[in-house]
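K.L.:
Generate a structure from the sequence data that follows.
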Amino acid sequence: MACAHGGDCVAIRTRGGALGHQAHGSRLRSVQQPGRLPPGVASVLSVLSSSAVVVDSNDRVLRASAAARAFGLVKGDQLMVSELLALARQVRRDGEIREGVFEVPVPSASGRTTSFAVRVAPLGGVGGGGLVLVLADDQTESRRVDEVKRDFVANTSHELKTPVGALALLAETIEDAADDAEAVRRFASKMRQEAQRLTSLVQDLITLSRIQAVEPVPDPRPVSLDAVIAEAVDRCRMKANARGIALASGGSRGLVVLGDEDLLVTALLNLLENAVAYSPERTRVVVSARRAGEGNAELSVADQGIGIPERDLERIFERFYRVDPARSRATGGTGLGLAIVKHVMAAHNGKVTVRSTEGAGSAFTLSFPLRGERQEEPK
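P.N.:
Numbers count the residues shown, from 1 in each chain. This is a model prediction of the structure:
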């Protein structure tokens with residue numbers, strides 16, 4: 001966001017209560033006249049983790065933390081944010097703590113909006129030398145998390161509403177067609193499909209919540225990647241056979257990682273089911289394991305499917321994001337599978353990456369630390 005004086009704008013958010021941790025906190029350094037600070041104040045300020053600024057009766061900065069300068073709140077002995085300066089003057093006049101919610105222009109090298117929780121208080125009350133303390137805490141990440149939570153609730157409500165609404169409509173239709181046995185059977189079949197879709201969505205929501213609650217894995221145990229592959233392939237076999245898709249496994253054997261076997265099977269199964277759902281009939285899906293570099297393992301799933309447009313590659317791991325919403329619903333997808341994969345890998349100190357070419361297929365790779373491996377030659 002461009003500012004009138006050049007640079008970028010950052011959002012300054014103020015609120016009451018204790019301020020949280022500020023990663024940029026450091027010892028305050030004197031700008032001028034350090035002797036004017038009340039006894040003990042300098043020592044207290046030196047251990048504060050928030051960005052902190054002390055302004056004197058002439059609106060000059062006596063003390064400022066490195067964080068306050070890094071964020072552009074202070075330059076030299078000047079408080080650069082006019083709204084904060086006005087708030088400091090107000091506090092100096094009435095001796096009361098001031099808070100508010102507003103945005104102010106602050107030069108920013110990052111080019112991104114930064115949010116602060118700000119509290120302005122007098123040092124010594126009215127007539128106590130006119131010193132004012134400004135505390136600012138970076139709240140950008142917490143606001144981002146709050147926004148993600150709000151979006152998740154909104155998206156979940158929308159996703160649940162669709163199958164629930166369909167079930168209600170089908171129930172009414174069956175009631176109206178009670179004398180038509182064929183119609184009842186047809187609509188009952190559709191009700192089962194919607195019920196299964198609702199069940200899958202709820203199960204995925206539960207799985208995602210469970211994974212996020214245990215990042216990282218609290219009690220990692222040795223897990224054989226051979227066993228993970230065998231279980232995931234076996235559970236996907238029926239869907240693959242129904243579409244005439246061959247499932248094959250290969251690569252290195254005897255690789256062992258530390259983690260949760262059930263979660264790793266869930267992640268790999270999601271990738272396999274996606275590959276089957278988005279591949280033409282009578283094609284091939286291959287899952288393989290290999291040692292990658294020093295102390296790392298990779299599980300890869302490659303298909304010969306429709307591929308993913310380049311513009312969508314950065315977003316496919318978002319919750320409820322679908323490249324092709326119509327096809328996803330037709331195949332029973334919930335839009336949570338790849339988000340689950342991403343969080344499973346985060347819980348194992350790993351990552352998931354993807355390479356894809358439209359019309360030629362995709363390859364998803366799970367990478368994580370390897371432990372206690374016993375490697376054999378590929379078959």
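
K.L.:
How far does stretch 62-71 sit from its chain's centre?
P.N.:
30 Å (Cα atoms, centre = their mean, to the nearest Å).

K.L.:
Between its first and last residues, how far does that stretch reach?
P.N.:
Taking Cα to Cα, to the nearest Å, the first and last residues of stretch 62-71 lie 17 Å apart.

K.L.:
tell me the domain ranges of the chain?
P.N.:
9-138, 140-213, 216-379 (automatic domain parsing).

K.L.:
how about a markdown table for these, with mean neighbour count added?
P.N.:
C-betas here are computed from N, CA, C, even on glycine. Listed next are those as a markdown table, based on neighbours: other Cβ atoms under 10 Å:
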| stretch | mean neighbour count |
| --- | --- |
| domain 9-138 | 18 |
| domain 140-213 | 14 |
| domain 216-379 | 18 |
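
K.L.:
would you turn those domains into TSV with mean pLDDT?
P.N.:
Below are the domains of the chain laid out as TSV (pLDDT from 0 to 100):
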stretch	mean pLDDT
domain 9-138	71
domain 140-213	82
domain 216-379	88
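
K.L.:
Dihedrals phi and psi, residue 366?
P.N.:
Main-chain dihedrals, residue 366, degrees, to the nearest 10: phi -100, psi 120.

K.L.:
That one and residue 76, how far apart?
P.N.:
Look at residue 366 and residue 76: by Cβ to Cβ, to the nearest Å, they are 51 Å apart.

K.L.:
Then residue 303?
P.N.:
60 Å.

K.L.:
Which strands and helices lie in contact with the helix or strand hosting residue 187?
P.N.:
If you go by DSSP states H and E, residue 187 is part of helix 181-213. Contact partners of helix 181-213 among helices and strands, from 3 or more Cβ pairs under 8 Å, 6 or more residues apart in numbering; DSSP states H and E: helix 140-176, helix 337-347.

K.L.:
So for residue 271, which of the ones you listed sits nearest?
P.N.:
helix 337-347 (6.3 Å; Cβ to Cβ).

K.L.:
So which elements touch the closest one?
P.N.:
helix 181-213, helix 261-277, strand 351-357, strand 361-369.

K.L.:
quick one: strands adjacent to the shortest one?
P.N.:
Using DSSP bridges, the neighbouring strands of strand 351-357 in the sheet come out as strand 361-369 (antiparallel).

K.L.:
Check for me that residue 300 belongs to a strand.
P.N.:
Yes. Checked against DSSP: H, G, I helix; E, B strand; the rest coil, residue 300 lies within a strand.

K.L.:
Run through the residues that contact the closest residue to it other than its chain neighbours.
P.N.:
Spatial nearest neighbour of residue 300, excluding adjacent residues (Cβ to Cβ, 6 or more residues apart in numbering): residue 365 at 4.7 Å. Contact analysis of residue 365 by Cβ atoms under 8 Å, 6 or more residues apart in numbering lists 298, 299, 300, 352, 353, 354, 355.
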